[in-house]
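Trainee: kindly generate the corresponding structure for this input.
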Amino acid sequence: MGFSGLMKNLQGLPGQSLAVAWGVDEGVLKACSAAVEQGLLREVCVTGPPAEIQALAAKAEVDLGPFSIVPAANPVEGAALAVSLAKKGRCSVLMKGNLSTSIILRAVLNKEHGIRAQALLSHIAVVELPGPRLALLTDAAMNIRPELPDKVQILNNAIDFAWSIGLENPKVAVLAAVETVNPQMPETLDAAALSQMGRRGQFVKPAIVDGPLAFDNAFSKEAALQKKIESTVAGEADIFLVPEIVSGNILYKAFSYLGYLPTSGLIYGASCPIVLVSRADSMESKLNGIAVACQALRE
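Mentor: Sure thing, here's the model as predicted:
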């Protein structure tokens, strides 16, 4: 099932409410409008300068009828107001608008006014692979160089999220440069430990975890067979766990810009899903993110 199938499954269900932090972005407004038209959302609250938002909406031919605008003087205030709406229960989904990721994350992680729900938040990229089928890539945008305990939480987040969007008993590929354990490559040691944890049922929900696996073996069953690697995950991975942010970010953008695969991204671990897409992402990618967040709330 791809993004279109996921959206089809949401048809006829009650729409969610969404808050956009600094929604001074034509693509975000279009995506939110499309989500309202498809019944994914019933209400959209946008923070930012009202006149500028109204002008962008007029240019994009977006009907602001289902929208409410919460005046904000700058991105920092806009992020704080959007997070406040989520904290008060006014909105069930938070979305990044035309501001840097660091600004919205500071508001989310604010000790007094934020919406952190657990010790470690992580980024989950959702990618539509050929088939079509959805797969997850983590962490490509938030945790820079996670240690093994961090990877356990990152993987717990991804497994929990996978179940919430219908990927039950997900197959996890713990990626490295090679498929053998090498003491000089710490990520392969982490992969072996995570695989053993999976076999012993130590994650938040059932999952099949295998690693270390190089990306070719994780992505292609044929590549694994040629290398005589026996793996139930090879070619069927639902979750790709990367060793650190650099490789994850490169792989995520390669999926999008080289593979032309539909993508989106969220932050997981707050009190509500946070749609986190690049300002350069297409309107379709932003709509995909809204749909995935809404699906996660159905479970």
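
Trainee: can you pull the buried residues of stretch 24-39?
Mentor: For stretch 24-39, the neighbour count (16 or more other Cβ atoms under 10 Å) marks 24-25, 27-36, 38-39 as buried. Where C-beta positions appear, they are placed from N, C-alpha and C, glycine not excepted.

Trainee: tell me, how many residues neighbour residue 206?
Mentor: Residue 206 has 12 neighbouring residues, counting by other Cβ atoms under 10 Å.

Trainee: quick one: low-confidence ranges for the stretch 151-299 of the chain?
Mentor: By pLDDT under 70, the low-scoring segments of the stretch 151-299 of the chain are 299.

Trainee: quick one: end-to-end distance for stretch 266-277.
Mentor: 7 Å (Cα to Cα, to the nearest Å).

Trainee: ok, stretch 109-127 next?
Mentor: Start-to-end span of stretch 109-127 (Cα to Cα) is 26 Å.

Trainee: so how far is it from its chain's centroid?
Mentor: On the basis of Cα atoms, centre = their mean, to the nearest Å, stretch 109-127 sits 11 Å off its chain's mean C-alpha point.

Trainee: again with stretch 241-257
Mentor: Worked out by Cα atoms, centre = their mean, stretch 241-257 lies 13 Å from the chain centre.

Trainee: which parts of it are buried?
Mentor: If you call a residue buried by 16+ other Cβ under 10 Å, then stretch 241-257 has these buried ones: 241-243, 245, 247-249, 251-253, 255-256.

Trainee: ok but residue 252 is inside a helix, no?
Mentor: Yes: membership of residue 252 in a helix is supported by DSSP: H, G, I helix; E, B strand; the rest coil.

Trainee: so which of the buried residues of stretch 24-39 are in helices?
Mentor: 27-36 (DSSP state H).

Trainee: mind putting the residues you listed into JSON lines with pLDDT and distance to residue 1?
Mentor: Below are those laid out as JSON lines (pLDDT from 0 to 100; distance: Cβ to Cβ, whole Å):
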{"residue": "27", "pLDDT": "93", "distance to residue 1": "25"}
{"residue": "28", "pLDDT": "95", "distance to residue 1": "25"}
{"residue": "29", "pLDDT": "96", "distance to residue 1": "28"}
{"residue": "30", "pLDDT": "96", "distance to residue 1": "24"}
{"residue": "31", "pLDDT": "96", "distance to residue 1": "20"}
{"residue": "32", "pLDDT": "96", "distance to residue 1": "23"}
{"residue": "33", "pLDDT": "96", "distance to residue 1": "24"}
{"residue": "34", "pLDDT": "96", "distance to residue 1": "19"}
{"residue": "35", "pLDDT": "96", "distance to residue 1": "18"}
{"residue": "36", "pLDDT": "96", "distance to residue 1": "23"}
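
Trainee: which one of these is nearest to residue 169?
Mentor: residue 35 (29.4 Å; Cβ to Cβ).

Trainee: isn't that closest one up against residue 289?
Mentor: No: with contact defined as Cβ atoms under 8 Å, residue 35 does not count as touching residue 289 (9.7 Å).

Trainee: restricted to helices, list the buried residues of stretch 241-257.
Mentor: Within the buried residues of stretch 241-257, residues falling in helices by DSSP H are 245, 247-249, 251-253, 255-256.

Trainee: could I get the residues you listed in JSON lines, plus columns for distance to residue 185?
Mentor: Below are those laid out as JSON lines (distance: Cβ to Cβ, whole Å):
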{"residue": "245", "distance to residue 185": "17"}
{"residue": "247", "distance to residue 185": "13"}
{"residue": "248", "distance to residue 185": "17"}
{"residue": "249", "distance to residue 185": "20"}
{"residue": "251", "distance to residue 185": "18"}
{"residue": "252", "distance to residue 185": "22"}
{"residue": "253", "distance to residue 185": "24"}
{"residue": "255", "distance to residue 185": "24"}
{"residue": "256", "distance to residue 185": "28"}
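
Trainee: how about the residues you listed, which pair is most distant?
Mentor: The span of these, defined through Cβ to Cβ, is set by 245 and 256 at 16.2 Å.

Trainee: what's the domain layout of this protein?
Mentor: Domain assignment for the chain, taken from automatic domain parsing, gives 1-117+270-299, 121-267.

Trainee: between the two ends of the last one, how far is it?
Mentor: In other words, domain 121-267. Length of domain 121-267, first residue to last, Cα to Cα: 7 Å.
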